[in-house]
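> coords please:
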Amino acid sequence: MNTQTDTPSTHRARLRTLLGIAEGPAGGSRLEGMPETARPGVPTEVTVRPVHGAPIPALLLRPDSATNTGAAVVLVAGHGRGIDDLVATHPADGYHDALAHKLVRAGMTVLCPEMISFGRRRVPRRPGEAPYEEAENSCGIDAARYLLHGRPVMGARVADAQAAAQALARVPGVDPQRIAVVGGSGGGAVALMLAALDTTIAAALVANYFSSFAASIAAIRHCPCNIVPGLLPDLEMVDIASLIAPRALVLEAGERDPIFPIAATREAHRALGPVWEAWHAPAPELVVTEGGHAFRAERSLELLAARLA
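So this is what the prediction gives:
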C-alpha cells in the first residue's frame, strides 16, 4: 500500500469505484440451460443470468464424477475468439492451449463466460461496413462506448465474471468455498481485479499480465480496453494483487513475453511476499515459462489445484 493510512478496505472501495461496480448483495446470479446430465469434459452452451444487466453466454464443462474434486473455476479468455478459444482442441488455440480441458482433467468444474467485445458479444458489423481493424474483437468500439458513459469496459467485464462466479456457486457438485478465477493476458486482468474485489473468490491464477502498469500498459502498445482511468498512482498492479491476501494467488509469466516484461513481473512479485507474510499465509508463487506470451498452465495449474484441495 502507498501510505500508512491506506487499508485493504479503502483500496478495495477505490478500485470498485474506478471500475464502476456497485457493491451489491452476494449471490443472486443463476445459470440457465444446464443439462441434468452432461458428458464429462464436453462444453455445454449455458447462460449466466445476472441480477442486473444483460445475459452472458457461457460454456460449462463438468469433470468425470470419479475425478471431481468439488473445486470450480471461472475461466476468462484473453484477446482472441473468446470462449471458443478456451475449448479448442483440434488444433488447440496457440495462446490458451485447450486450457478449459486441462482444468477439467484436474477435477474442476469450469465455467467460461463470454466477455464483452469477444466471440458472441462482439459489436455486430453493419451491412457493407469495413471490417474492424482487429476482426476478432470489437474492443476499440466498446472501450470508447463505455468510457463515454463514464465507466471502463474492464469494469463491465469484471462484473460479468463476478456474476459467473455467483452462478457457479449454485451448481450441484460445486463447493462454493472453493471457487477460483483463472485468466491470461486480458483475461488475467479480469481475474486479478475480480479476486482483489471479491473476497469470496478462494484463489486466482493470473498469467501473462501481472507486472506493472508503468512497464506494460503505459509503456507498450496495448488495446484500449485495458485502460481504467484513475488507477495510477495509488493502485499499481502490486497494490491490486495485495488485496487478494491472504487467499491463494498463483502467477505465470513468459520469460520472453514482449508486452508484459518479465523484469517488471519479477520486481512486482518480490513486493508481494511481505504482504502475505503479514497474514502468516503462503506467499504467491511465480511460475516462469521459457516462452513468450502464452498460457501453458502446467506447473501453475498444479499449484492452483493444490491450493484448492
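
> run through the helices of the stretch 201-309 of the chain in chain order.
Listed in chain order, the helices of the stretch 201-309 of the chain (DSSP state H, counting those that start in this stretch) span 237-242, 262-278, 299-308.

> so what touches the shortest one?
Going back to what we said before, that points to helix 237-242. By CB atoms under 8 Å, 6 or more residues apart in numbering, the residues outside helix 237-242 that reach it are 1-2, 8, 11, 15, 192-193, 196, 206, 210-213, 249, 268, 271-272, 275, 284. Using the backbone N, CA and C atoms, a C-beta is placed for each residue, glycine as well.

> if we can go back for a sec, of all the helices of the stretch 201-309 of the chain, which lies closest to Gly20?
Comparing the helices of the stretch 201-309 of the chain against Gly20 with CB to CB, the closest turns out to be helix 237-242 (15.7 Å).

> give the rounded mean pLDDT of the closest one.
On average, the pLDDT along helix 237-242 is 98.

> likewise stretch 91-111?
94.

> how far does it sit from the chain's center?
How far stretch 91-111 lies from its chain's middle: 14 Å, per CA atoms, centre = their mean, to the nearest Å.

> quick check: end-to-end length of it?
Start-to-end span of stretch 91-111 (CA to CA, to the nearest Å) is 21 Å.

> element containing Leu31?
Element membership of Leu31 [criterion: DSSP states H and E] is strand 30-32.

> what ranges of the stretch 201-309 of the chain fall below the confidence cut-off?
Nowhere does the stretch 201-309 of the chain drop to pLDDT under 70.

> just the buried members of the contacts of helix 237-242?
Using 16 or more other CB atoms under 10 Å as the burial test, the contacts of helix 237-242 include 1, 8, 11, 15, 192-193, 196, 206, 210-213, 249, 268, 272, 275, 284 as buried.

> centre of the chain versus the strand holding Leu31, how much separation?
The answer for strand 30-32 is 20 Å, by CA atoms, centre = their mean.

> helices and strands around that strand, which ones?
Under the contact criterion of 3 or more CB pairs under 8 Å, 6 or more residues apart in numbering; DSSP states H and E, strand 30-32 touches strand 44-49, helix 153-168.

> tell me the buried residues in it?
Quick answer for strand 30-32 (16+ other CB under 10 Å): Arg30, Leu31.

> out of the helices of the stretch 201-309 of the chain, which gets nearest to Ile21?
helix 237-242 (13.6 Å).

> pull the distance from the closest one to the chain's centre.
When distances are taken as CA atoms, centre = their mean, helix 237-242 is centred 15 Å away from the chain's centroid.

> quick one: residues contacting Ala253.
By CB under 8 Å, 6+ apart, Ala253 lies in contact with Ala207, Asn208, Phe210, Ser211, Phe260, Ile262, Thr265, Leu286, Val287, Val288, Thr289.

> count of neighbours near Val287?
For Val287, the neighbour count with other CB atoms under 10 Å is 18.

> count of neighbours near the closest residue to Asp175 other than its chain neighbours?
Take Asp175 and drop its neighbours on the chain: the residue closest to it by CB to CB, 6 or more residues apart in numbering is Gly70, 4.0 Å away. By other CB under 10 Å, 16 other residues sit near Gly70.

> brilliant, that's me finished.
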